[in-house]
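**Student:** Return a 3D structure for these sequence lines:
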Amino acid sequence: MRFGAAVLRAYEGPFTVEEVVLADGPADGEVLVRIAGCGMCRTDLGVRRSAGRSPLPAVLGHEGAGVVVETGGTGTGLSPGDPVVLSFDSCGHCRNCLGAAPAYCDSFASLNLFGGREERAARFADASGTPLAPRWFGQSSFAEYTLVPARNAVRVDPALPLELLGPLGCGFLTGAGAVLNSFGAGPGDTLVVLGAGAVGLAAVMAAHAAGAVTVAVDRHPGRLALAERFHALPVPATPTGLSDRLLRLTGGGAAYALDTTGAAGPINEALRSLRPTGRLGLVARLHDTLPLGVGTLDRGRTISHICEGDAVPGVLIPRLIALWQAGRFPFDELIRTYPLADINEAEHDCETGRVVKPVLVPDGRRH
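**Tutor:** Residues are numbered from 1 along each chain as shown. Here you go, the predicted model:
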C-alpha cells in the first residue's frame, strides 16, 4: 500500500511529504486507519533534540484521528467505517495496565518510542525501499494512513468533527487528565498552572469545568489572554516574587500546581505557592537535574511526575468530548488546521507560539 506521509530525515532538516510504502495490512489485533487530522505536539518536535536517540528517517505524529479502513482478526472490537481517536500504546497485560494505569505500562518506552513488537516493527519504507522508523507512540500519524493496535483506538460518534479530535489523545488528555484524574480537583480547590500552552490551557479548561479556581502563569501576553478567556486569573511570569503573588491570589496557597515548563525556576516557585499538603505535578520531561530550594517540600508538600494525565483513554476521551459538547471544554478554540503538505509552516507556528495546537489534515483543508 502506498500513500503520502511527512518524513523527518535529519534532526535539523525539514519534514518532507513523500510517498511511503506499507508492506502489509493489519496483523491480529491491529487496525488500518485513514487519518482525518493529526495534532502536532512538542513531543514530536522534541525528536529534533534527542541527540541521535531517536532513529531517522522516521514518520512522527501521535495525536491522530480517523476512520477504520481494515481490521486484523475478529477481536479488535472495531469495524471498517468506525471513526476513532488514537492515543498512546500500552501492552494491556502488565500489572499497571491491568490496574487501569496504562500510561505507566512496563513496556511504555519500547511501545511508544519507535519500539513496538520487534518481529513486525519496521513495516514502513520510503519509495526507494529504505526502512522508516514507524509506530511513534503506536501511531506515526503524520500520514494519510496509519496502522495501530486496536487498543490505541477509541471509537467516537460519527457526527463529531473528526479532524479536530486527535489532540484529545495526548496533549489535551494530559492537561485535563492531570486535573480531573491525578488531582481530582473540584469545587473550592485552587490550582496554579505554569505554562499556558496546549497542555496548560487544557488544564485550565478542565479545572473550570470541575469548579476549581485557577491561576495561569506565562510570559506571553497572548497566552495569558487565552487563559483569562477560559476563566483563569492571568499572572505574568517574572524571575522573582512569583510565589508571593501566587500565595496572595490563592488565599494562602494552592491545593495543586501543574508545571508544563520543565524549568527549575518555575517549579520551585510553584512549590512555594502550595498550601500545606499541596501537590505539584510535572508533565514536561526534565533534561537536567532539578535543584529544589530549601523548604520547598516542607509541610507535607509533594511533587510527582504525571504521564498522559493518568488517563485510560477509552474513559477520559469520551468524557472530554461530552464536556466539549456541553460547552465546558472548548478545546477547538485552540486549534488551527494545516494541510499535511504545510507541516513545516505548522511547526514554525507552533515553535514561535503563533498557534497553540496545529492540526495537520491530509486532504488539504485549512481553517
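**Student:** which residues of this structure fall in helices?
**Tutor:** Taking DSSP state H to define them, one finds helices in the chain at 42-45, 95-98, 108-112, 171-177, 198-210, 221-229, 242-249, 264-272, 313-325, 343-351.
**Student:** With just CA atoms, put the third one into CSV.
**Tutor:** As requested, the backbone C-alpha atoms of helix 108-112 are provided in CSV (Å, rounded to 0.1, in the frame of the first residue of the first chain):
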residue,chain,number,x,y,z
PHE,A,108,5.7,2.1,27.5
ALA,A,109,9.1,3.2,26.2
SER,A,110,9.5,0.3,23.8
LEU,A,111,6.0,0.5,22.5
ASN,A,112,5.8,4.3,22.1
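**Student:** pLDDT (mean, whole number) over that helix?
**Tutor:** Within the predicted structure, the mean pLDDT of helix 108-112 is 90.
**Student:** Buried residues in that helix, which are they?
**Tutor:** 108, 110, 111, 112 (16 or more other CB atoms under 10 Å). The C-beta positions use only the backbone N, C-alpha and C, and glycine is treated the same way.
**Student:** cool, the first one as well?
**Tutor:** Within helix 42-45, the residues that qualify as buried are 43, 44, counting by 16+ other CB under 10 Å.
**Student:** Go ahead and name everything in contact with it.
**Tutor:** Helix 42-45 is touched from outside by 60, 61, 62, 136, 137, 142, 170, 197, 347, 350, 351, with contacts defined as CB atoms under 8 Å, 6 or more residues apart in numbering.
**Student:** Now which of those would you call buried?
**Tutor:** Burial of the contacts of helix 42-45 was assessed by neighbour count (16+ other CB under 10 Å); the buried members are 60, 61, 62, 136, 137, 142, 170, 197, 347, 350.
**Student:** Is it possible to get those out as JSON lines so that each row also shows distance to residue 289 and pLDDT?
**Tutor:** Rendered in JSON lines, the data for the buried ones among the contacts of helix 42-45 read as follows (distance: CB to CB, whole Å; pLDDT from 0 to 100):
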{"residue": "60", "distance to residue 289": "28", "pLDDT": "93"}
{"residue": "61", "distance to residue 289": "31", "pLDDT": "94"}
{"residue": "62", "distance to residue 289": "28", "pLDDT": "94"}
{"residue": "136", "distance to residue 289": "28", "pLDDT": "89"}
{"residue": "137", "distance to residue 289": "27", "pLDDT": "90"}
{"residue": "142", "distance to residue 289": "33", "pLDDT": "95"}
{"residue": "170", "distance to residue 289": "27", "pLDDT": "96"}
{"residue": "197", "distance to residue 289": "24", "pLDDT": "95"}
{"residue": "347", "distance to residue 289": "29", "pLDDT": "95"}
{"residue": "350", "distance to residue 289": "28", "pLDDT": "92"}
